[in-house]
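1. Here is my input; please provide its structure:
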Amino acid sequence: MAHWNKFEKDLNKLIQYISGVPEEDPDFQMALQFAWSNVRFHRFLDVDSHKITRVIDGIHEKLIIHSELPKAVSWRRLTDEFLELPLETVEGTKTKEHYAILSLLLALSDSPSNSQYTEKARQKEEVQHDDFDWAKYLMEGEEIDIGPYPDTPEWSEEESEEELQESLSREDSGIQVDKTSPEEQAQIKKAAPHASSKVGEPEARLWLEQHVVTQYWTNRAFKFSHSFHLHSNLAAVWEQHLYNTDPLYYSDERTFVTEAQVIRETLWLLSGVNKLFMYTLHDGKISVRTDIMVAHLTQNCLRAVLEQIAAYGQVVFRLQKFMDEVIGYSSESCPPGTLPMCKKFTEPPFRTYQSFVWALHKYFVNFKEELVSIEKCMITKDETVTLAAVLEKLAPRLSQLKILHKVFSTGIAEVPPDTPNVIRASHLLNTLYKAIIEYDSVGEAAEQTVSLLFSLWVETVRPYLEIVDEWIVHGNLSDPAKEFIIQRNNNVPVNHRDFWHSTCTLYSVSEKTGIAENISDGAGSSCNIDQESSSKQHTMVSFLKPVLKQIIMAGKSMQLLQNLESKDNPGLLMQNAHRDAERKSLYALFLESLQSRLRYRENPESCEHAVPEQQATKESLIKVQSIVARHLELEDVHDPLLAINFARLYMEQSDFHERFSSGDVNVDRSSESVTCQTFELTLRSCLYPHIDKRYLECCGKLMQTLKTDYKLVEYLQAMRNFFLLEAGETMYDFYVAIFDKVKEKESWQHLSFLNARLQEAVAQHYPEDSSRLSIYLENIDIVKKRLPVHSIDGLTLSYKVPWPVDIVISSECQKIYNQVFILLLQIKWAKYSLDVLRFDEPTEAYEKPRETLFENSNWSFEALKSPIRPQIHRMFLLRVKLMHFVNSLHNYIMTRILHSTGLEFQHQIEEAKDLDQLIKIHYRYLSTIYDRCLLREKISFVKEAIMKVLNLVLMFANRWQTGLGVSKIESIEKMESDFKNCHMFLVTVLNKAVCRGSFPHLESLASSLMAGMEQS
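-> Here you go, the predicted structure:
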């Protein structure tokens, strides 16, 4: 019963702590009854310790991914400490009770990764020591004989044997026994019994100072024994020489150190230790102390050597400081006296810097291991270690530190603090890329440098490749730090008609100004990548430049494709997740390709076949070198080193051995393999093919989806059917109704009439397009209204294109279609007006007014003496000339321009690889028909002459229908003169254009019009 009473008290406390409801409240009693029933009558499974461990590891990993390093460290340490602590009622550690408590806490927690947490220092309970002297209390009144020498420790046979063995071993090992004065030995013996006491006591510290190491870093000068050979006392000899030669020479007080001490502090300095004796750190700069001296070196010589080492220590310090800032950034202000560099990272550093720091960290781990091995060699004294030998052994590492410092200074330190992340990341990658290209051109002399830079570049480029992979695989441009050169415009949704053109912004970096600029958006970015301004050099991430267009197209295609597929197939997300579990990332594929390309360096099993392969390669190299040398001699170039380098570049081609074995070896100076370096060839064979493959997959799938599911080709054909009048019978019914209204002098500018006639004409042959087509009128210029041919300029045909087809057929495209549509209507109107004229209309129109004239007057036919028959004949001839002109123009537009260009357009659509290419093909097609229909502003004078002839045709048709009178003979002569002038002008202009070769498509029109000219 007492057991349940204890549980009831605990339940009361738990309910009060969680809910805050007092015990007097009825709700408290209901909660207590509920909790009590669950405790007494419910049974729960034991907690799964493995599951809790996985949850703890998952939270720790999530905190690291979110860059919450302090929280991750605290989480891991506190959970581990709790599992190792014993509970009050349970014995042991990591018991099921421990995991049950953790399970409860995890169940009560609410998003641990999103909560703000700062660990507070916990005050440990001080253990109270019992200072009571129990020995004195218990021995009170007892007399103990401690002998004549109370300070002598108790004698032990084991201790005497150990001391004897120790003395014998020192003498037998050949190590010189420390020879000190009797007074010092007495002091040592006096202090020896206290050596086992605490280190903090003065006697123990004195014992350590005398037996462990000489404290050369203190102000006290110590003497040490060394050889009296001349070479070992060069500093004293040189000092004496200065005293003898210069009476005013004064020697400052110096501290003598050994070469071993100099080497150890040098190793510590290169390991990143800043608090040293010989090297001092002041205001971020490492300098050498001036008051130290080595017995066998002069002070100037020692200082010169140490200053060189200090320069490398400065490099290590700068790189280590940068690494510390990136790994443990702080938003707090920097303390005074520190470098201003630490003010850069007021927010978490972006991933490119983190990857670069990780590459530096791995390099310094290997470097420090090498330094530790040297220090161990000094401790064991297996071989002689001198400062010169250490510097010679570290020479390759020191040269690599120079390269790292150069890359760091150029790519990171020289960038202003307020520079956007996109410039920082691209500038760092470009710096590494250019450095690899620069040192790679040297050849084998810089092989280690290229290997170092390449390893740095491979690690640093990882975030960029991960961003590219996420975009071209999932359509998600995940770049929270905005370090990628392509940024997503979140203001434009995917289902917007301007998505393809304005969804992304491509940034470039101006090398002169260092300012990021938006050079182009969307689809236009891919066509202007290679263009450079004459005043500024725009560069982007150099290694991505050859495939930047493919990345942009694949990313946008996948983004659009994901939206289309998720709209049609809601369960696609689970399918993609299963597919991604089996897919390798772009970075992993890149590394695999690199390993396969360089596996002869990494695979030890290939060493057996390495010798014959190397011999064959050497023989091939000699043979190719002789061939290249002969070709160079033809150009009066005698450079064997150049011939060797050219031969090596040829041998790096993948198909070299096949071509060489077949005897097909050509030294082509324009070959790409000659101008490209090894690193660029590596990218072409290891990285670019994976991006191209994904580009073809994404864009091909999107094109197939648009053509099959969204009927893109059918909509393009509909635009040609109605706007370019390829559906001749359908559109004939529409525009003939308008022309008849004009002929009958009836009003036709009614939207109801126009739309009714259009719907009636289209519904007969294309019922699926009738709901999409509509027509409306726009206001036209008052000057144009006076000319009959321009009275239909206000007609505007509209076709409703659904998304995503409107990405290709945009509103701007429909404006161009409408301009061609109006031109075709004008030509059709002129042709129709001439075609409907009858030969008997002028005679009938003339006879009727003549009879009326004779009935109402005293005139006679003989009195008029008017040459009516010749004038009618002139009308017939003029009609034929006008018909020849209009038919020639009509045939040129409909066959030579629209039909032939349309066939080319259909063939290009079938071969289009991506949506951007299809958009360009469509724009190019519209631009072509716009130019060849003479609608360009540059050749507007030709169009004006054609419009003048078409207007003349409409006026002539009106005269033909109204008949000929005496007053209208002059108008016929004027029309003949105007037509002749326009005809001659057009023939002259077109012939000149054809002769220049600038407009070859006009040759057929020029020939046809030339045949219709009158022979003078």
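
2. Tell me where the stretch 101-250 of the chain is predicted with low confidence.
-> Along the stretch 101-250 of the chain, the parts satisfying pLDDT under 70 run over 122-131, 137, 140-201, 208-213, 219-232.

3. what about 50?
-> For the stretch 101-250 of the chain, the stretches flagged by pLDDT under 50 are 148-150, 155-182, 184-199.

4. and L594, how many residues sit next to it?
-> Residues within reach of L594, counting by other CB atoms under 10 Å, total 18. From N, CA and C alone the C-beta is placed, and that goes for glycine too.

5. who's in contact with it?
-> Residues near L594 by CB atoms under 8 Å, 6 or more residues apart in numbering: 458, 682, 686.

6. domain assignment for the protein?
-> Following the TED database, the chain resolves into domains at 1-108, 252-330+349-414, 446-508+541-567+585-597+679-709, 710-839+869-1012.

7. Please work out which of the ones you listed is packed deepest.
-> Ranked by mean neighbour count, the domains of the chain are led by domain 446-508+541-567+585-597+679-709 with a mean of 19 (mean count of other CB atoms under 10 Å).

8. and that one, how far apart are its ends?
-> From its first residue to its last, domain 446-508+541-567+585-597+679-709 covers 56 Å (CA to CA, to the nearest Å).

9. try stretch 105-120
-> End to end - CA to CA - stretch 105-120 spans 19 Å.

10. can you start the count at 149 instead of 1 from here on
-> Sure thing, new numbering starts at 149, so read that last one as stretch 253-268.

11. what does that stretch contact?
-> Applying CB under 8 Å, 6+ apart, the contact partners of stretch 253-268 are 200, 203, 207, 210-211, 214, 216, 218-219, 222-223.

12. and those residues, which of them are in helices?
-> When DSSP state H is applied, those are split such that 200, 203, 207, 210-211, 218-219, 222-223 fall in helices.

13. ok, so of those, who is nearest V695?
-> Among these, K210 lies closest to V695 (CB to CB), at 33.3 Å.

14. neighbours of the closest residue to the closest one other than its chain neighbours, just the number please.
-> In space, and not counting its chain neighbours, K210 is closest to S261: 5.0 Å by CB to CB, 6 or more residues apart in numbering. Residues lying near S261 (other CB under 10 Å) number 16.

15. S261: what secondary structure?
-> Following DSSP: H, G, I helix; E, B strand; the rest coil, the label given to S261 is coil.

16. any idea how far it lies from K219?
-> 8 Å (CB to CB, to the nearest Å).

17. the strands in the stretch 849-998 of the chain, which residues?
-> In the stretch 849-998 of the chain, the strands defined using DSSP state E, counting those that start in this stretch lie at 921-925, 943-947.

18. Oops, could you answer that again for the chain instead?
-> In the chain, the strands defined using DSSP state E lie at 403-405, 427-430, 433-436, 440-442, 634-636, 652-658, 664-669, 686-687, 921-925, 943-947.

19. hang on, the earlier thing: what sits in contact with each of S261 and K219?
-> By CB under 8 Å, 6+ apart, S261 and K219 have these common neighbours: L211.

20. Among the contacts of stretch 253-268, which one sits closest to H1047?
-> Closest to H1047, out of all of these and judged by CB to CB, is H214, at 62.3 Å.

21. for the residue lying closest to that closest one once chain neighbours are set aside, phi and psi?
-> Leaving aside its sequence neighbours, H214 sits nearest to S261 (CB to CB, 6+ apart; 5.8 Å). The phi/psi pair for S261 (degrees, to the nearest 10) reads phi -70, psi -20.

22. gap between S261 and E614?
-> Noted for S261: a distance of 21 Å to E614, by CB to CB.

23. quick one: contacts for Y843?
-> By CB under 8 Å, 6+ apart, the neighbours of Y843 are 620, 695, 698-699, 701-702, 1062.

24. pLDDT added to those, as a markdown table?
-> Below are the contacts of Y843 laid out as a markdown table (pLDDT from 0 to 100):
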| residue | pLDDT |
| --- | --- |
| I620 | 87 |
| V695 | 89 |
| Q698 | 88 |
| I699 | 89 |
| M701 | 88 |
| A702 | 88 |
| D1062 | 86 |
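
25. rewinding a little: taking the contacts of stretch 253-268, tell me the two that lie furthest apart.
-> I200 and P218 (22.9 Å).

26. Can you give me the distance of V1034 to A1105?
-> 11 Å.

27. Quickly list what's touching both of these two.
-> Shared contacts of V1034 and A1105 (CB under 8 Å, 6+ apart): L982.

28. Q897 against N927, yeah?
-> No: under the criterion of CB atoms under 8 Å, Q897 is not in contact with N927, lying 11.2 Å apart.

29. who touches both of these two?
-> Taking CB under 8 Å, 6+ apart as the criterion, Q897 and N927 both touch G942.

30. Just list the residues touching Y863, thanks.
-> Applying CB under 8 Å, 6+ apart to Y863 gives the contacts 949, 953, 957.

31. I misspoke; the intended subject was L552.
-> Applying CB under 8 Å, 6+ apart, the residues near L552 are 463, 467, 508, 511, 600, 604.

32. run the last query once more with 10 Å
-> If you count contacts by CB atoms under 10 Å, 6 or more residues apart in numbering, L552 has them with 463-464, 466-467, 507-508, 511-512, 600-601, 604.

33. Export those as CSV, with columns for pLDDT and distance to K524.
-> As requested, those are arranged in CSV below (pLDDT from 0 to 100; distance: CB to CB, whole Å):
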residue, pLDDT, distance to K524
V463, 91, 24
V464, 92, 20
R466, 91, 28
L467, 91, 24
A507, 92, 27
L508, 92, 24
Y511, 92, 21
F512, 93, 18
L600, 90, 25
L601, 91, 30
L604, 92, 28
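
34. Which single one of those residues is nearest to Q710?
-> Nearest to Q710, judged by CB to CB, of the contacts of L552 is A507 at 33.1 Å.

35. correct me, but the closest one touches V606?
-> Yes: between A507 and V606 there is a contact under CB atoms under 10 Å: 7.9 Å.

36. Need the residues touching each of these two.
-> Common contacts of A507 and V606 (CB under 10 Å, 6+ apart): L580.

37. Setting aside sequence neighbours, what's the nearest residue to the most centrally placed residue in the chain?
-> Central residue of the chain (CA atoms, centre = their mean): F632, 3.9 Å from the mean position. Using CB to CB, 6+ apart and skipping residues adjacent in sequence, the residue nearest F632 is I615, 5.0 Å away.

38. circling back to that earlier point, give me the phi and psi angles of the residue nearest to the centre of the chain.
-> According to degrees, to the nearest 10, F632 has phi -80, psi 150.

39. Quick one, grab the pLDDT at it.
-> Note for F632: predicted pLDDT of 88.

40. how near is it to Y612?
-> Counting by CB to CB - F632 and Y612 are separated by 7 Å.

41. Just give me the residues shared between the contact sets of the two.
-> Common neighbours of F632 and Y612 (CB under 10 Å, 6+ apart) are 499-500, 573-574, 689, 692.

42. any chance of the residues you listed in CSV, with pLDDT and distance to Q596 too?
-> Shown next, in CSV, are the shared contacts of F632 and Y612 (pLDDT from 0 to 100; distance: CB to CB, whole Å):
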residue, pLDDT, distance to Q596
R499, 89, 28
T500, 91, 25
A573, 89, 27
S574, 89, 27
V689, 79, 26
L692, 87, 27
